[in-house]
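Enquirer: From the sequence below, what's the structure:
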Amino acid sequence: GLLASGSADGIIKVFKVLDASLRCIYVSENLCSASVDSSLHTRPVQSISVGESGVIYYGDNGHNLKMLEWRMNRGIKFSNHTSEEGFTDHISRVSNIIIATSYDVDTGYGQLNIYRERDGQIPQYLATLADNNTSRIYVMSAKEKDGSVYLLTGGRHLKVWKSRAASSSGSTVRDISTNVQGCVLTLGDSPVVDSGSEDEEDSEGEVDQVPVGASDQAPSKPDSGFCNCSLM
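Expert: Predicted coordinates:
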């Protein structure tokens, strides 16, 4: 199995889990961007998760989420906020579903964005869970049990979110599908931009687009980004 860590200096490490130790197999040095139109910025890593395919997803105090294809030493950004400034404090995963916290500094509300992993592509955005009564979410845990997914979120309040199957019979519960659809359309169409808290050299209108047919070759320097240290 694999284990990933992120640090305050923005460095990400990938470890291979052995019987009685961890072996470091990658360090994010000289990380390349998959897009020629945008660059990746080194910031404190606030959340990190290893996907089913072994790619790394991580968040920081910026507008976007990042997908790290560490075997090729390259990163891709994708939107996690509708505004240009926000924070991603936690990422969790259930099977191939990724749940990321989102905090909009303009509204002061926290929410959960849900994505589905896709091979060789950025995750597909599915929906947003928001009640407009949740402040910033600092921690989260996700678990699947008996066909339902439970999310435990912690911030100013401790909340439990539970998924449920749609009912074909009449229900007294208010239908919020239009609200969810609106969130899907809004975030799904959001450009991937460098947030206002980036370095001064960045342009606010910079849009990150994944180039078609991007190279899948390894870095030109075989030892760039990789290490052979072990932790006992």
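
Enquirer: I figured Tyr150 hits Lys143, correct?
Expert: Yes. Judged on C-beta atoms under 8 Å, Tyr150 makes contact with Lys143 at a distance of 5.2 Å. Where you see a C-beta, it was placed from the backbone N, CA and C, and this is true even at glycine.

Enquirer: what about the two, which has more around it?
Expert: In this view Tyr150 and Lys143 are compared by other C-beta atoms under 10 Å, and Tyr150 has more residues nearby, 15 against 11.

Enquirer: Show me which positions of the strand or helix carrying the more buried one end up buried.
Expert: Per DSSP states H and E, Tyr150 falls inside strand 148-154. For strand 148-154, the neighbour count (16 or more other C-beta atoms under 10 Å) marks 149, 151, 153 as buried.

Enquirer: who's in contact with the nearest residue to Gly54 once chain neighbours are set aside?
Expert: For Gly54, ignoring the flanking residues on the chain, the nearest one in space by C-beta to C-beta, 6 or more residues apart in numbering is Leu2 at 5.9 Å. Residues in contact with Leu2 (C-beta atoms under 8 Å, 6 or more residues apart in numbering) are 14-17, 50, 54.

Enquirer: Now rank the residues you listed by neighbours and give me the top one.
Expert: Val14 (23 neighbours).

Enquirer: so where's this structure uncertain?
Expert: 35-38, 165-232 (pLDDT under 70).

Enquirer: try 50
Expert: 168-189, 195-224, 226-232 (pLDDT under 50).

Enquirer: which stretches of it form helices?
Expert: 177-188 (DSSP state H).

Enquirer: that older thread, nearest to Thr101 among the buried residues of strand 148-154?
Expert: Among the buried residues of strand 148-154, Thr153 lies closest to Thr101 (C-beta to C-beta), at 7.4 Å.

Enquirer: can you pull the contacts of that closest one?
Expert: 101, 110, 112, 134, 137, 139-140, 159-161.

Enquirer: 10 Å instead, please
Expert: Applying C-beta atoms under 10 Å, 6 or more residues apart in numbering to Thr153 gives the contacts 90, 92, 99, 101, 110-112, 129, 134, 137-142, 159-161.

Enquirer: Tell me how far the residue nearest to Gly54 lies from Gly154.
Expert: Distance, Leu2 to Gly154, by C-beta to C-beta, to the nearest Å: 26 Å.

Enquirer: Same question for Gly147.
Expert: 25 Å.

Enquirer: Surely Thr42 is in contact with Asp60?
Expert: Yes. Using C-beta atoms under 10 Å, Thr42 is in contact with Asp60, at 9.3 Å.

Enquirer: Identify the contacts common to those two.
Expert: With C-beta under 10 Å, 6+ apart as the test, Thr42 and Asp60 both reach Gly10.

Enquirer: Give me the more crowded residue out of these two.
Expert: Asp60 (23 against 13).

Enquirer: Could you find the closest non-adjacent residue to that one?
Expert: Arg43 (4.3 Å).

Enquirer: go on, Leu3?
Expert: Phe15 (4.5 Å).

Enquirer: Tell me how far that neighbour lies from Arg23.
Expert: 6 Å.

Enquirer: what does Ser102 give?
Expert: 34 Å.

Enquirer: tell me the phi and psi of Tyr109?
Expert: phi -100, psi 150 (degrees, to the nearest 10).

Enquirer: Return the set of buried residues in stretch 75-95.
Expert: In stretch 75-95, counting by 16+ other C-beta under 10 Å, buried: 75-82, 84-93.
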